[in-house]
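In: kindly generate the corresponding structure for this input.
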Amino acid sequence: MGRSRENHFVPKFYLKYFSEDGKRINLFNFARGKAIRGVSIRQQCARHNLYDFAPGLEEAFAKLEGETAKVLAKVEADCAPPAAGSADWIALASFIIFQKLRTTRAGHKSNATTDYLSKLILEGKPEVAGIDLNDIEIGDAYPVAIPLSVAGEMIPAVLDLDMHLFVNATRWEFITADDPVVAHNQYCEGVTNRGVAGFSCRGLQLFWPVSPDHLLLLSDRDVYKVGRADHGIAVTNVSSRSDVAQLNALQILNAHENVYYRREGANNQIEMQCVGLLKARPRTRVVFIETESLPDPVDGGESALLHQYEPLLPWQLKVSAIRIRKAAASVPLHTRANMYRGAGRVREPPVGGRDMAPGRYRVRRTTRK
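Out: Residues are numbered from 1 along each chain as shown. Sure thing, here's the model as predicted:
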């Protein structure tokens, strides 16, 4: 039998939850600025030979997707997330991490890094004399290979998060997208000079709509009070249209090319929100800050700093069931940005040494991709 040539980076079984007949789905395309009804699911969120760099990867994903489909069926039937630490909980968390790191968006960010670092190395080399590096793009043949190579190592980083299920009790549906797992950090909104949505960051939130009626949230329990989770209740009914719109806005802002939804009757409401947020969608998703070099008195060489991060989505999240705890709220914003999860520990800033010259590094340039 021939090998599959079209590889889905968002699985078909998942998109079927947002389809009325299991075959076709409605979407809003941001490049064209319009809604398109009844497109084939088979043609969505797929790329030719996406996983050819790793034979057997498509089959491994098929197994993970099969396990996840069974767990989601339980979630839908029981209207509750799996118990914390259970095999089903770990299966869902694992799928969420792999889903986040297998999309074309993840590949785009990986290629942005490859392009930037390659040009940084080539800058000033005689081999490229006369070539304007800005006129070319340097990337990997398989851009998702790098993010997927570390996906397994990221799973333990999220096992301490609480899982909560939002049940949509309105007539407005949850929507999804071609990058359906949204990493956000409501606790660090306002921080613009560094990344605060990494898998180990204090205040991390991972939003994943699993159907028009259900949405899973993984969040930092030391920062957020979600519904009545403190009383052992991991399910919250969402009865406010405003709350649904807030959660859908994350999908709209985070999507690479399309958002997807089930009911044609919802078209006008979803299309209006998509159009309303078109200008707010970030044009760049990766920032590189490079400093001037400083002489190192220890070894006579020079050193510079390069900081890469993904800014938060430009959105102040306001969902009535999600609140920041008083103790967490008392921490200054600049301190929150330095924190990671675990007993209030804080990352220490670099202090210098043989690998870093002491002193203040001045920014040489900032690049956004």
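
In: dump the residue contacts of L206.
Out: When contacts are counted by C-beta atoms under 8 Å, 6 or more residues apart in numbering, L206 touches I96, K100, V158, L161, V181, V182, A183, H184, L217, L218, S219. Every residue, glycine included, has its C-beta placed from N, CA and C.

In: most surrounded residue in those?
Out: Compared across the contacts of L206, L217 has the highest neighbour count, 27 neighbours, by other C-beta atoms under 10 Å.

In: look at it and report its pLDDT.
Out: Per-residue confidence for L217 comes out at a pLDDT of 98.

In: how about it, nearest residue that isn't a chain neighbour?
Out: Sequence neighbours aside, H164 is the residue nearest to L217 in space, at 4.7 Å (criterion: C-beta to C-beta, 6 or more residues apart in numbering).

In: where does the prediction get shaky in the protein?
Out: Across the chain, residues meeting the criterion (pLDDT under 70) sit at 1-4, 264-267, 342-359.

In: rerun that using 90 as the cut-off
Out: Across the chain, the stretches falling below the confidence threshold (pLDDT under 90) are 1-6, 123-124, 127-130, 134, 263-269, 293-305, 342-361.

In: any chance you could map the helices in it?
Out: Assignment of helices within the chain using DSSP state H yields the ranges 12-15, 57-78, 87-101, 104-122, 145-149, 151-154, 241-254, 267-276, 326-329, 333-336.

In: let me know the closest of the contacts of L206 to I131.
Out: K100 (35.6 Å; C-beta to C-beta).

In: for the spatially closest residue to the closest one that is not a sequence neighbour, grab phi and psi.
Out: The shortest distance from K100 to any residue other than its chain neighbours is 4.3 Å, reached at V181 (C-beta to C-beta, 6+ apart). Per-residue torsions, V181: phi -90, psi 110 (degrees, to the nearest 10).

In: V181 is in contact with L204, isn't it?
Out: No - with contact defined as C-beta atoms under 8 Å, V181 does not reach L204; the gap is 11.8 Å.

In: anything in contact with each of those two?
Out: Overlap between the neighbourhoods of V181 and L204 is empty, taking contacts as C-beta under 8 Å, 6+ apart.

In: quick one: the closest residue in space to E58 that isn't next to it in sequence from L122, how far?
Out: Using C-beta to C-beta, 6+ apart and skipping the chain neighbours, the partner closest in space to E58 is Y51 (5.1 Å). In this structure, Y51 and L122 are 29 Å apart, going by C-beta to C-beta, to the nearest Å.
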